[in-house]
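Visitor: Take this sequence and fold it.
(one chain, ligands or ions: 1)
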Amino acid sequence: MSEPLNKLTNLISFYPFAEGTPGNRVFFIFAEGSQGKARIQLEKEQLIQLSLIIQELIADNNDLDIPSTTKDLNYDEKINLNIQLMSLEVKKDIMPGLYLFDIFDSNSKKTPIIQIYVSAEKIKLFAADAIKVCASGRPLCPLCGEPINPEGHTCPRTNGHIHKNDLEFEP
Ligand SMILES: [Zn+2]
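Guide: Residues are numbered from 1 along each chain as shown. Predicted structure coming up:
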């Protein structure tokens, strides 16, 4: 793999978020580091998968509380990216407590458009937040725990359809 086009190190912020109304939300990852910032749009399923991958990666990790810093790289211009995610790879860095995200968009199939260095502490918080962001927005079915769409819900627990109005929810 060739050198990434951009790098973000010494992150100030790294978190998932969603915009829009329940059922029609758009999902993003936001990252800001020494060199600038990036907003990466992705599918909800990609965010859920990412969270699961992270949880597996950090499960056997015993260096979670070691703060990691990386050397600042000098760029003439600040990074300010708005991209649509095609794929990404997460891996442990050789430095303990540090993880690498290689982000690819449709124009960068072989070379990451950006590589983000994330500390173990931040990656752990990210995974927890990603689950919350994906789950919020729609009320959860009290029977099966799955989110209920505005048009209704097919509940596996009752083997049939439950409509939103059949159930009462907290606002
Ligand atoms: Zn249900």
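Visitor: tell me the domain ranges of the protein?
Guide: Annotated domains of the chain cover 7-137, 138-171 [automatic domain parsing].
Visitor: if you compare those, which one is most tucked away?
Guide: Ranked by mean neighbour count, those are led by domain 7-137 with a mean of 16 (mean count of other Cβ atoms under 10 Å). (Glycine included, C-beta is placed from N, CA and C.)
Visitor: ranges for the strands of the protein?
Guide: 7-8, 13-19, 26-33, 36-42, 79-84, 87-92, 98-104, 114-119, 153-155, 160-162 (DSSP state E).
Visitor: Now tell me which of these the model trusts least on average.
Guide: When the strands of the chain are compared by mean pLDDT, strand 160-162 comes last with a mean of 55.
Visitor: how about JSON lines for the strands of the chain, with distance to residue 126 added?
Guide: Shown next, in JSON lines, are the strands of the chain (distance: least, Cβ to Cβ, whole Å):
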{"stretch": "strand 7-8", "distance to residue 126": "14"}
{"stretch": "strand 13-19", "distance to residue 126": "6"}
{"stretch": "strand 26-33", "distance to residue 126": "8"}
{"stretch": "strand 36-42", "distance to residue 126": "12"}
{"stretch": "strand 79-84", "distance to residue 126": "18"}
{"stretch": "strand 87-92", "distance to residue 126": "10"}
{"stretch": "strand 98-104", "distance to residue 126": "10"}
{"stretch": "strand 114-119", "distance to residue 126": "7"}
{"stretch": "strand 153-155", "distance to residue 126": "29"}
{"stretch": "strand 160-162", "distance to residue 126": "33"}
